[in-house]
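# Pasting the sequence and the predicted model now:
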Amino acid sequence: MIKQNLKQKNLNLIYRKLKLSDFKEFSKLFKLSFKKKISYDFFKWRYFSDKFSFCYGVFESSHLIANVGMKFFSLNNKKKDLIFSRHSSMVLKKYRKLGIFSNLLKKVRKKIVNHCKIIVMWPNKSNYASFGFNPNEVNKKKLYIYKIKSVRKKKIKTSDYKIDQLGKYKNFIKNDKSFIHKDLNYFNHRYLSYRNKDYLISHFNLKKLSSFLILKKNKDKSGINYVILDHFGSRTLKSNHVSQLVGEKKNIIFLSKKKIYNLNYKLINHINLVIGFTKKNDLKNQNRNFFNKEFMLGDTDSFITLK
């Protein structure tokens, strides 16, 4: 640890919030970290489109070497408490294992810990840093991403609509079970304000009940598939809706709380969910309730990198 600190002292490191003008450096680091390109529009939409979200980075001279993105959400409770979800966590390879990223998280935590109830983290395989939370201050859960293989074609009973039709169904947009508070404003910002042509609404109606799934049309080596990102409307119909959709569109990608043992389900990946409580009383009193809440693939950035 002493050697690591000495190495840091020999570096000219600057910790600060990113500005829109830092996009070039951000995109370079993103490409080196994830082998993927990212657009200026996404960067602006994700971290600069509201007054709470931001990116914080470490610069050596003028070069960005580490970054953490904090996206604002409202908790789905009566107070609509402010929470942050951590995204775009990355460190340039030669600067890893020097304690730089952990130091970055400490600085960011100081800025937000008194203003938010919860910090949600989605650590990847190479980064499990958790804002300095002690093990007894966090809850962890593994979630699974599956693709349902082709099954027998069903008679079409669902209807597809363009995502800009969301406003017509505002009376259905209420979900007491979701972890994040989701109203029409949330859905408009999430799916209409950036690359809205990527998304569509699937509607399923049965016995005077209506279920709606937000889908992303995705193309990979196997052909066209549909990623289930969000749901609103009747929860009773949700599983029937998904089952019907599988028979109509065949290849469906979705997030599951549990491991599924079924030959028709192909496990694509798993993601780690870590919830850090900034107040110990909240962890003690409410941790079980939070993990009973609904998490959807649209709550994460995982769907962006699906192949």
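Arrived safely.

# average pLDDT for stretch 153-161?
Rounded to a whole number, the mean pLDDT of stretch 153-161 is 89.

# meant to ask about stretch 130-144, not that
The average pLDDT within stretch 130-144 is 81.

# again, but for stretch 60-69
In this model, stretch 60-69 has an average pLDDT of 94.

# Show me what counts as buried in that stretch.
Leu64, Ile65, Ala66, Asn67, Val68, Gly69 (16 or more other Cβ atoms under 10 Å). Yep, even glycine has a C-beta here, placed from its N, CA and C like the rest.

# I'd like these as TSV, with secondary structure and distance to Asp81 appended.
Output for the buried residues of stretch 60-69, formatted as TSV (DSSP: H, G, I helix; E, B strand; the rest coil; distance: Cβ to Cβ, whole Å):
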residue	secondary structure	distance to Asp81
Leu64	strand	31
Ile65	strand	33
Ala66	strand	28
Asn67	strand	26
Val68	strand	21
Gly69	strand	20
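
# Quick check: the farthest pair among those residues?
Farthest-apart pair in the buried residues of stretch 60-69 is Ile65 and Gly69; separation 15.1 Å (Cβ to Cβ).

# where in this structure is pLDDT low?
1-10, 124-129, 150-152, 280-291, 302-307 (pLDDT under 70).

# Please repeat the previous calculation with a cut-off of 50.
Residues of the chain meeting the criterion pLDDT under 50: 2, 307.

# Walk me through the domains of it.
2-132, 145-267 (automatic domain parsing).

# Including distance to Ile275, could these go into a markdown table?
Output for the domains of the chain, formatted as a markdown table (distance: least, Cβ to Cβ, whole Å):
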| stretch | distance to Ile275 |
| --- | --- |
| domain 2-132 | 6 |
| domain 145-267 | 9 |
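
# Quick check: which of those domains is nearest to Glu294?
domain 145-267 (4.6 Å).

# can you give me the end-to-end distance of the closest one?
One end of domain 145-267 sits 6 Å from the other (Cα to Cα, to the nearest Å).

# wait, doesn't Tyr144 sit right on Asn272?
No. Using Cβ atoms under 8 Å as the test, Tyr144 is too far from Asn272 to be in contact (11.0 Å).

# Comparing the two, which residue is more hemmed in?
Tyr144 (17 against 14; other Cβ atoms under 10 Å).

# For that one, give its distance to Lys208.
Here the criterion is Cβ to Cβ, to the nearest Å. By it, Tyr144 lies 33 Å from Lys208.

# Where do the strands of the protein begin and end?
13-17, 54-60, 63-74, 82-91, 118-121, 138-148, 158-162, 199-206, 209-220, 223-233, 252-256, 265-277 (DSSP state E).

# Run the chain-centre distance for the shortest one.
Counting by Cα atoms, centre = their mean, to the nearest Å, strand 118-121 is centred 11 Å from the centre of its parent chain.

# in its sheet, what does it sit against?
The strands beside strand 118-121 in its sheet (DSSP bridges) come out as strand 82-91 (parallel), strand 265-277 (antiparallel).

# Also the second one?
When sheet partners are counted by DSSP bridges, strand 54-60 sits next to strand 13-17 (antiparallel), strand 63-74 (antiparallel).

# Run through the bridge partners of the closest residue to Asn269 other than its chain neighbours.
In this structure, Asn269 finds its nearest non-sequential neighbour in Ile145, 4.9 Å apart by Cβ to Cβ, 6 or more residues apart in numbering. Beta-bridge partners for Ile145, by DSSP bridges, are Leu255, Asn269.

# tell me the contacts of Ile145?
Under the criterion of Cβ atoms under 8 Å, 6 or more residues apart in numbering, the neighbours of Ile145 are Ile253, Phe254, Leu255, Ser256, Leu267, Ile268, Asn269, His270, Ile271, Leu297, Ser302, Leu306.

# how about CSV for the strands of the chain, with distance to Ser178 added?
Shown next, in CSV, are those (distance: least, Cβ to Cβ, whole Å):
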stretch, distance to Ser178
strand 13-17, 30
strand 54-60, 24
strand 63-74, 11
strand 82-91, 13
strand 118-121, 13
strand 138-148, 14
strand 158-162, 21
strand 199-206, 17
strand 209-220, 13
strand 223-233, 9
strand 252-256, 13
strand 265-277, 14
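
# which one of those strands lies closest to Lys111?
Among the strands of the chain, strand 54-60 comes nearest to Lys111, with 7.8 Å by Cβ to Cβ.
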